[in-house]
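> whatever this is, show me its structure:
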Amino acid sequence: MEKVGIWLSAFRLRTLPLALSSIFMGAAIVSDPPSDFVLTLSLAALTTLFLQILSNLANDYGDHQNGADNDKRVGPARAVQSGDISSKAMFKAMLIFSVLALTSGCALLYNAFDQEQGLLAFIFFIIGLLAIGAALKYTAGKNPYGYRGLGDISVFVFFGLIGVAGTNFLFTKDFDLIALLPACTIGFLSAAVLNLNNMRDINGDRESGKRTIVVLMGSKQAKMYHYALIFSAWMSLLLFFLLSDLNSWAYLAFIFFPIHLVHLKKVAAVQVPADFDPELKKIALSTFGISFILLLLAVISL
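Numbers count the residues shown, from 1 in each chain. Sure thing, here's the model as predicted:
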């Protein structure tokens, strides 16, 4: 049982709600849900969970491999760096979750597209492969892009644009530009979570040569960047509400806005990087809360 606990810790379960936010938001903004809505949503969520766990394992493996995980690291202990899980075992787990994500993704595409939509299925299959590659190459392997300040862009694209708009397309088989607004909301908030993580780890990342955006711009500018991410997320969501015909109950999602204002006040006051850690959970869970409320309202209206 102890080994199970170690692996569950390595999976970093607290990151999973944020990953699901993309899928829930994409499903929530479907105006005319198809008959297989629940099945498509379930398969999309399962695929996303596998991808997120894969990303977490690869991050644990890669940061140890490249020296970012060391005794000076702030935040939760990492499995490979602490010696709880060997590099070989972690690599095998990464392969397993790559296969699981690929298998689940193929089941999703088989369910979502018919034979006449083979080209669309193929395009989404390629996107799925890119998502797996992005999860693996964030910190693992030679020249990982997370060490070159590209992590934020990747998170915005895969958690936001592809995660939300792509999920929405699976249901509607149509691309609506307005879907990019809630996609930006989730993308900005996901990037904000990563930014908090990087502000927490700035000293260790700088010493190990991990050049995140925070390392490149410094803590003061990283805070300004964080404020911009949070406010851009809410402006995108407000604009989407104003331009769409969602039920007025959708504005319940704004109950999290005051929480984010308090969060920004705390971020402004942080002097010790370790103090950013409690704020990660607040933004991740509130992002999930926003998407969950909208999905729940959509399901109720079915």
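
> mind listing the strands for the stretch 201-302 of the chain?
For the stretch 201-302 of the chain, applying DSSP state E, counting those that start in this stretch gives no strands.

> so where's it shaky on pLDDT?
By pLDDT under 70, the weakly predicted segments of the stretch 201-302 of the chain are 302.

> where is the longest helix in this structure?
Counting residues, the longest helix found in the chain (DSSP state H) is helix 37-66.

> quick one: buried residues of it?
Residues of helix 37-66 classed as buried: 37, 40-41, 43-66 (neighbour count, 16 or more other CB atoms under 10 Å). To be clear about C-beta, it is placed using only N, CA and C from the backbone, and glycine gets the same treatment.

> can you check stretch 253-264 too?
Neighbour-count burial for stretch 253-264, counted by 16+ other CB under 10 Å, picks out 253, 256, 260, 263-264.

> can you list those in TSV and add distance to residue 170?
Formatted as TSV, the buried residues of stretch 253-264 follow (distance: CB to CB, whole Å):
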residue	distance to residue 170
253	22
256	26
260	29
263	32
264	34
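
> residue 111 contacts residue 37, doesn't it?
No - Residue 111 lies out of contact with residue 37 (CB atoms under 8 Å); the separation is 11.0 Å.

> residues in contact with the residue lying closest to residue 129 once chain neighbours are set aside?
For residue 129, ignoring the flanking residues on the chain, the nearest one in space by CB to CB, 6 or more residues apart in numbering is residue 102 at 7.9 Å. Contact analysis of residue 102 by CB atoms under 8 Å, 6 or more residues apart in numbering lists 128-129, 132.

> just the ones in helices from those, please.
Under the assignment DSSP H, those contribute 128-129, 132 to helices.

> buried ones among the residues you listed?
128, 132.

> between the ones in helices among the contacts of residue 102, which sits nearest residue 6?
residue 132 (24.1 Å; CB to CB).

> let's have the contacts of residue 102 in JSON lines, adding pLDDT.
JSON lines is the format used below for the contacts of residue 102 (pLDDT from 0 to 100):
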{"residue": "128", "pLDDT": "91"}
{"residue": "129", "pLDDT": "92"}
{"residue": "132", "pLDDT": "89"}
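
> and of these, the nearest to residue 183?
Set against residue 183, the nearest of the contacts of residue 102 by CB to CB is residue 128 (17.4 Å).

> let me see the contact set for that closest one.
47, 101-102, 105, 109.

> quick check: it vs residue 145, distance?
Residue 128 sits 18 Å away from residue 145, going by CB to CB, to the nearest Å.

> and what of residue 107?
Remark: distance between residue 107 and residue 145 (CB to CB) = 29 Å.

> now do residue 219
Taking CB to CB, one finds residue 219 at 22 Å from residue 145.

> what's the answer for residue 131, then?
Distance check for residue 131 against residue 145: by CB to CB, it reads 14 Å.
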